[in-house]
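S.K.: sharing a sequence plus its predicted fold:
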Amino acid sequence: MKKMFDEADQVLLPLLTIGGYILISMKLPSWGLLVNLVAQIFWIYSGYIAWKKGGQIGILVTSLILTVILAYGVLNYWVIH
């Protein structure tokens, strides 16, 4: 199971992140934020692994902060109006 998630992480992390930015640049920010928020699952996982294996906490901290920012953006576009 872990190996399958690791492989999915390597594919979905860049695809979702880049796809989110493409959507934002195409003037679809609500969708871009949503896609990037889903990508954060993989960023947080990668950041956690980097922290546990190499003591590198920067990716994890940045990912957690970005998750909060993206969640606010998603709420702003999809819920609060």
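M.R.: That came through, no problem. Residues are numbered from 1 along each chain as shown.
S.K.: could you use CA atoms for every contact and neighbour count after this?
M.R.: Fine.
S.K.: can you give me the helices in this protein?
M.R.: For the chain, applying DSSP state H gives helices covering 2-25, 29-54, 58-74.
S.K.: lowest-scoring secondary structure element of this protein by mean pLDDT?
M.R.: In the chain, no helix or strand scores lower on mean pLDDT, DSSP states H and E than helix 2-25, which sits at a mean of 93.
S.K.: show residues contacting that helix.
M.R.: 29-36, 38-40, 42-43, 46 (Cα atoms under 8 Å, 6 or more residues apart in numbering).
S.K.: buried residues in stretch 15-25?
M.R.: For stretch 15-25, a neighbour-count test (16 or more other Cα atoms under 10 Å) marks 16-21, 23-24 as buried.
S.K.: can you redo the residues you listed as TSV with distance to residue 10?
M.R.: Shown next, in TSV, are the buried residues of stretch 15-25 (distance: Cα to Cα, whole Å):
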residue	distance to residue 10
16	11
17	12
18	13
19	15
20	16
21	18
23	21
24	22
